[in-house]
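J.: Generate a structure from the sequence data that follows.
(one chain, ligands or ions: 2)
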Amino acid sequence: MGYREVYEAWRADPDGFWMREAEAIDWDRKPSKALFDGNAPLYEWFSDGMVNTCWNAVDRHVEAGRGGQVAIIHDSPVTGTVHKITYAELRNRVASLAGALRAKGVEKGDRVIIYMPMVPEALEAMLACARIGAIHSVVFGGFAAHELAVRIDDARPKCIIAASCGIEPGRVVHYKPLLDGALEQAEHEPSFCVIFQREQEVARLEAGRDHDWYAFQYGVEPADCVPVEGSHPAYILYTSGTTGAPKGVVRPTGGHLVALNWTMKNIYNVAPGETFWAASDVGWVVGHSYIAYAPLIHGNTTIVFEGKPVGTPDAGTFWRVIRDHDVKSFFTAPTAFRAIKREDPKGEFLKAYDTSCLRTLYLAGERADPDTIHWAQDMLKVPVVDHWWQTETGYAITAIPMGIEEMPVKIGSSGVPMPGYDVQILDEGGQPMGPNTLGAVAVKLPLPPGTLPTLWNAEARFKKSYLEHFPGYYETGDAGMIDEDGYLYIMARTDDVINVAGHRLSTGGMEEVLAGHPDVAECAVIGVSDELKGQMPVGFLCLTKGVNRPHDEIVSECVKLVREQIGPVAAFKKAVVVDRLPKTRSGKILRATMVKIADGAAFKMPATIDDPAILDEIRDALQTIGYAGD
Ligand code: COA
Ligand code: AMP
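T.: Numbers count the residues shown, from 1 in each chain. Ligands and ions are numbered 1, 2, ... in the order given. Presented below is the predicted three-dimensional model:
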């Protein structure tokens, strides 16, 4: 069957389609049906099935005789080590860790926060939670103490599992002091913490609260897999919304297993036993789905890569990893390729490595610019598939399903809708629009299995953020169009979320931090185009009356404040002081116009602008920091 037949088969009988796919999963009790729509517009999948994620990702492969296959390769150029873990070893390690957590009182439904760098123990911690039905929430290491504290207070974990440190090129990231700082700020107190001590920096443990990763496993009974309901939350992953309060995306267990397993063959075209590599971070959804869960559920070998595309040690690192570990499908963000291209435009490093094992390169996380796609195609001589998805969905909404059919790639498009997704372009009034017309990208409800059923502790926010604007649809927050062949083109966000180096960030969140500076009366943050990172945040600061300290002093304090409060990942490095901000007559800041000015792009004078002269002031201010060129 080709793509169109598969898509039509799903459309004709969605329940039948997903029940057939559910057969690839080991259930403790099979679900009676796929969709549970009794509470529409909130939907659940496979709710009355009983299942365990860890069993499906680990144990069943051992039972099937594949215990000797490598499950995880930790390739860490920043520490100069490569370490392989088989499925049998993984099962033993995870069962022991799960047993130790259980012995300390962690049970089904309890939350566990994981704050770890790219080490296999991060995956083991996730799987150990899944094994006993605990709900994990991984926090990306590039977030600072305050962001961690916000997540601690929202998830209210019984336990926090952290590493002593992470390693960024040229510096050690002190995870444990960051954790201590977060616990000081948070209102909620976990019962205990587990610290994985790395040899690069051993952390001080607080007696009574902190336990050593190995020591606390000593003598405990390994835990068996605990079956949970299909609708039981497997994890919470916080992502940026329009305000500083992150959204806790809930991932349901049954749909997650079924859908991710489906994607491995049909989208990524790998067979069990083959090596799949996603160069991302476990703190992001790409890491959850395609470093941890999907490859393991499908019985592949996954790579935990602790390094960067350039500088660890050079722009040939990716090619080395592909060759050394026989990678068949490779997934990363376009920004990583832009970084390599900038350093090695002619691909000199590539000449040293035979990467002929690679079949396809997959890109996602941000818009893939045509130059980068062409360059990657020319270098690697494989199809480059841009595919589009979100933390909320957990896997691709549109893609080229290489395992079903090698459909033509259209540069600039992120592919065609995957089964389960009825993607529509809507006008402001919620009416579907014809081909090649730009509008809001929405997905007709219900969303497919594995996508978010709600936000953690925030059902009203879930409805308001995603369901209310276009009744009957899920609002993606992206704008785009669909061509006459059904290919989707994502053009921009419709909200204040920006994308920096493939990382999703909230300008609203940064504004909240800046507004906390005593000298800042009003502020705005916009995302301006950046050749390497796609977008970079730039801040505009209006000072409180009477403040006459040097502006560069205030700017550097603001830069420091964002780094301390949100973290280095915000990449907030540039801000300017202005007298006033351009606004509509009703007081709304004209951020989109400011972005156009910063990018040196043409724009229409907004009809509702209060005072057009302010735009010249904004242009002048931007020019002082290297933007708004001709
Ligand atoms: N822990 C602590 N700090 C981290 C971190 C982590 N896990 N990840 C990033 N940071 C820090 C970086 O060190 C950097 O700090 P600096 O301001 O002191 O230099 C800052 O956060 C910004 O990081 P980033 O935007 O990633 O920039 P970079 O210069 O370190 O790397 C790229 C640029 C393009 C090489 C890098 O972003 C990359 O490889 N991206 C791949 C895409 C990706 O992983 N996407 C995730 C979704 S698919
Ligand atoms: P995240 O939730 O961090 O995965 O970010 C999701 C957002 O990243 C989407 O809503 C898009 O704005 C953007 N995005 C992800 N993949 C793509 C893509 N292939 N093309 C364009 N934008 C993308």
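
J.: Please make it C-alpha for all contacts and neighbour counts, starting now.
T.: Fine.

J.: what about the residue in the stretch 201-350 of the chain positioned nearest to ligand 1, distance to Ile291?
T.: Taking CA to the nearest ligand atom, ligand 1 has its nearest neighbour within the stretch 201-350 of the chain at Ser280, 3.8 Å off. Note on Ser280: its distance to Ile291, by CA to CA, to the nearest Å, is 8 Å.

J.: Show the subsequent helix or strand relative to the strand or helix carrying Arg461.
T.: Following DSSP states H and E, one finds Arg461 within helix 459-462. Next helix or strand after helix 459-462 toward the C-terminus (DSSP H and E): strand 473-482.

J.: what's next to that following strand, contact-wise?
T.: Strand 473-482 is contacted by residues 425, 435-447, 465-467, 469, 488-495 when judged by CA atoms under 8 Å, 6 or more residues apart in numbering.

J.: For it, what is the distance to the chain centroid?
T.: Strand 473-482 sits 18 Å away from the centroid of its parent chain (CA atoms, centre = their mean, to the nearest Å).

J.: what does the stretch 251-400 of the chain put close to ligand 1?
T.: 280-281, 284, 286, 308-309, 332-333, 335-336, 339, 365 (CA under 6 Å from any ligand atom).

J.: Could you do the chain as well?
T.: Residues of the chain lying close to ligand 1 (CA under 6 Å from any ligand atom) are 117, 141-142, 168, 173, 280-281, 284, 286, 308-309, 332-333, 335-336, 339, 365, 501-503, 568-569, 571.

J.: how about the nearest residue to the residue of the stretch 201-350 of the chain closest to ligand 1, chain neighbours excluded?
T.: Counting by CA to CA, 6 or more residues apart in numbering, Gly287 is the residue found nearest to Ser280 once chain neighbours are left out, at 5.7 Å.

J.: re the thing from before, out of the residues of the stretch 251-400 of the chain next to ligand 1, who's nearest ligand 2?
T.: Nearest to ligand 2 among these is Gly365, at 3.6 Å by CA to the nearest ligand atom.

J.: And for Ala34, the neighbour number?
T.: Residues lying near Ala34 (other CA atoms under 10 Å) number 25.

J.: residues touching it, list them.
T.: 15-16, 18-19, 45-47.

J.: Give me the neighbour count for the residue nearest to it when sequence neighbours are not counted.
T.: Excluding the flanking residues, the one nearest Ala34 by CA to CA, 6+ apart is Phe46, at 4.8 Å. Neighbour count of Phe46, defined by other CA under 10 Å: 28.

J.: now swap in Glu484 and tell me
T.: Around Glu484 there are 10 residues (other CA under 10 Å).

J.: thinking again about what came up before, out of the contacts of Ala34, which are buried?
T.: Buried members of the contacts of Ala34, scored by 16 or more other CA atoms under 10 Å, are 18-19, 45-47.

J.: Which of these sits closest to ligand 2?
T.: Using CA to the nearest ligand atom, Trp45 comes nearest to ligand 2 of the buried ones among the contacts of Ala34, at 21.3 Å.

J.: so the closest one makes contact with Leu35?
T.: Yes - using CA atoms under 8 Å, Trp45 is in contact with Leu35, at 4.7 Å.

J.: re earlier: can you tell me which of the contacts of strand 473-482 are classed as buried?
T.: For the contacts of strand 473-482, buried by 16+ other CA under 10 Å: 425, 435-436, 438-447, 465-467, 488-493.

J.: So the residue of the stretch 351-500 of the chain found nearest ligand 1, which state does it fall into?
T.: In the stretch 351-500 of the chain, the residue that lies nearest ligand 1 is Gly365 (4.9 Å; CA to the nearest ligand atom). The assignment at Gly365 comes out as coil when based on DSSP: H, G, I helix; E, B strand; the rest coil.

J.: Relative to Pro383, how far out is it?
T.: 18 Å.

J.: Name the residue in the two with the higher neighbour count.
T.: Neighbours were counted for Gly365 and for Pro383 using other CA under 10 Å; Gly365 has more, 25 against 20.

J.: Next up, the contacts around the residue nearest to Ser280.
T.: Residues counted as contacts of Gly287 (CA under 8 Å, 6+ apart) are 278, 280-281.

J.: Just the buried residues out of these, in ChimeraX syntax.
T.: To isolate the buried ones among the contacts of Gly287 in ChimeraX, judged by 16+ other CA under 10 Å, type:
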select :278,280,281
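
J.: Tell me where the model's unsure across the stretch 401-550 of the chain.
T.: Counting by pLDDT under 70, the stretch 401-550 of the chain shows no low-confidence range.

J.: And the strands in it?
T.: For the stretch 401-550 of the chain, the strands defined by DSSP state E, counting those that start in this stretch cover 416-417, 423-426, 439-444, 473-482, 488-493, 497-500, 503-506, 520-530, 534-543.

J.: Switch those strands over to CSV; also include distance to ligand 2.
T.: Converted to CSV, the strands of the stretch 401-550 of the chain look like this (distance: least, CA to the nearest ligand atom, whole Å):
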stretch, distance to ligand 2
strand 416-417, 11
strand 423-426, 13
strand 439-444, 10
strand 473-482, 5
strand 488-493, 5
strand 497-500, 7
strand 503-506, 4
strand 520-530, 13
strand 534-543, 10
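
J.: hey, which of those strands is tucked in deepest?
T.: strand 416-417 (a mean of 26; mean count of other CA atoms under 10 Å).

J.: The spatially closest residue to Ser413 that is not a sequence neighbour and Gly527, how far apart?
T.: Excluding the flanking residues, the one nearest Ser413 by CA to CA, 6+ apart is Tyr489, at 4.5 Å. Distance, Tyr489 to Gly527, by CA to CA: 20 Å.

J.: repeat for Arg251
T.: Taking CA to CA as the criterion, Arg251 is separated from Gly527 by 29 Å.
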